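Enquirer: sequence first, then the predicted structure:
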Amino acid sequence: MKRLKILLIKPHGIADELIPPISLGWLATQIRNDHEVKILDALKMGFKADNVAELVAEEKIDIAGFQAWSKDIHEIKKACINIKKLRPETKTLVGGIHPSMMPEGTLRFFGECLDYAYKGEGELGFKQFVDCMALKDFSAASLTKIPGLVWRDGESIRVNDNYFLSDLDAFGFPAWDLMPPASYPKAPHGAFYKNFPVVPIIVTRGCPFPCTFCSAKIASGGKLRSRSLEHVIGELKLLYDQFGVREFQIEDDNFTLNNKFVEEFCRRLLSLNLNMTWSFPNGIRLDTVDKTLLKLMRKAGCYALNFGIESGSPRVLEMIKKMITVDQIKEQLTMAHEEGFDIGGFFIMGFPTETKEEIEQTIKFACSLPLDRIGVSYFQPLLSKII
């Protein structure tokens, strides 16, 4: 089997953070024993579409794989078009949240400049895909077996079933040597930090909650899956000892859902005496923490929390199935504030049927809460038949 040259690319674009692309790091880990793989953070390097294509051609890359958020698809398309002009034999692939939500629409949007897309978590099928490319096996019989692959079968677009592996430890650690934490600027996700270098980590995947506006349940499944405590601690020790990391930011959707795990995690951190600081830029649910847990987290080095509040309108909260009331929100936030955490709140405005009065209600509610900062997003539906 031929040893391929693979470039995994975080595209250039508008972003509110500049952090190591750990999802690409996990993909690299799956294939690096059999193939040559590099990670290009085009945002960090200032590489636009033409720069990426020139690099692909110069290094004779066999597979160029892009991490695709919806906001980046136009930049990625430009890069793929340029790649096909400079090196037509390079196979182009996109994965991430955009193709996971709209797989057929992604191939239609990109057209002939994109060879394949990927739906869902990539660690399971990516090595199979790369090995098929190495063997030049493009047969329908082989491509059908690759979990999550989105591909063209004549005039049709096929979307293979994917599944969520329970044993997250099996994926190993992200390839941190391909994205050294200290090479990143002091611009972490969340825009604040206490110590540097700072890294993002993911401990759990999956979300059992029914919030109607969120893609988390579709993207990572409705069941909470967790790495083992030993696996997570092992990665933190690696980051501390080999890369000098002194702060980590947990990017999970539901890290605090399993209180017992969080308690054990905190106690292990305290026993190691690493004195690492940590926070939750992606947010946790207010109804998953209590005073006892918050005290332990604070003692173990956690200093900042973000919460998804979304709205101050009881009707909107019920409509979006947030499963929490305004009274609960205020009570829980007050408790977290009293424990000494730096607290941020996320809000969304412009939900379908939301009125001007309800938006004003949300603004007044936000001003009444003990928040140190807020993040406001506008509701933005994406239609797969168009994009």
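Expert: That came in fine, so what should we check first?

Enquirer: which residue ranges form the strands in the stretch 51-200 of the chain?
Expert: For the stretch 51-200 of the chain, strands defined by DSSP state E, counting those that start in this stretch occupy the ranges 63-67, 91-95, 116-118, 149-153, 156-159, 198-201.

Enquirer: contacting residues around the third one?
Expert: Contact partners of strand 116-118, identified using CB atoms under 8 Å, 6 or more residues apart in numbering, comprise 91-96, 99-100, 103, 106-107, 110, 125-126, 129, 148-151. Any C-beta I mention is one placed from the backbone N, CA and C, and that applies to glycine too.

Enquirer: got it, and the second one?
Expert: Residues outside strand 91-95 that contact it (CB under 8 Å, 6+ apart): 27, 62-68, 73, 76, 80, 83-84, 106, 110, 113-118, 122, 126, 129, 133.

Enquirer: just the fifth one next, same as before
Expert: When contacts are defined by CB under 8 Å, 6+ apart, strand 156-159 is touched by residues 103-104, 107-108, 119, 143-144, 149-152.

Enquirer: try it again with 6 Å
Expert: 103-104, 107, 119, 150-151 (CB atoms under 6 Å, 6 or more residues apart in numbering).

Enquirer: and those residues, which are buried?
Expert: In those, burial by neighbour count holds for 103-104, 107, 119, 150-151, counting by 16 or more other CB atoms under 10 Å.

Enquirer: distance of the nearest residue to R315 once chain neighbours are set aside from M349?
Expert: Distance criterion CB to CB, 6 or more residues apart in numbering; nearest residue to R315, sequence neighbours excluded, is E358 at 6.9 Å. According to CB to CB, to the nearest Å, E358 and M349 sit 9 Å apart.

Enquirer: kindly report the same for A216.
Expert: Taking CB to CB, one finds A216 at 20 Å from M349.

Enquirer: the two: who's more crowded?
Expert: Higher neighbour count among A216 and M349: A216, with 19 against 16, using other CB atoms under 10 Å.

Enquirer: quick check, that one in contact with G206.
Expert: No - using CB atoms under 6 Å, A216 is not in contact with G206; the gap is 8.1 Å.

Enquirer: spit out the residues that contact these two alike.
Expert: With contacts defined as CB under 6 Å, 6+ apart, no residue is shared by A216 and G206.

Enquirer: what's the neighbour count on the nearest residue to D131 once chain neighbours are set aside?
Expert: The shortest distance from D131 to any non-neighbouring residue, by CB to CB, 6+ apart, is to M1 (6.6 Å). Neighbours of M1 under the rule other CB under 10 Å: 12.

Enquirer: thought A134 was touching M1, still the case?
Expert: Yes - if you go by CB under 6 Å, M1 and A134 touch, sitting 4.8 Å apart.

Enquirer: which regions of the stretch 251-387 of the chain sit below the pLDDT cut-off?
Expert: In the predicted model, the stretch 251-387 of the chain carries pLDDT under 70 at residues 383-387.

Enquirer: returning to that earlier point: between the contacts of strand 156-159, which sits nearest L296?
Expert: K119 (38.3 Å; CB to CB).

Enquirer: ok, back up a step: ok, which of the strands of the stretch 51-200 of the chain comes nearest L296?
Expert: So among those, strand 198-201 is nearest, using CB to CB, at 18.8 Å.

Enquirer: can you list contacts of the closest one?
Expert: Under the contact criterion CB under 6 Å, 6+ apart, strand 198-201 has outside partners 19, 22, 181, 188-189, 239, 245, 247-249, 251.

Enquirer: filter those down to the ones in helices?
Expert: The helices, defined by DSSP state H, take in 22, 239 from those.
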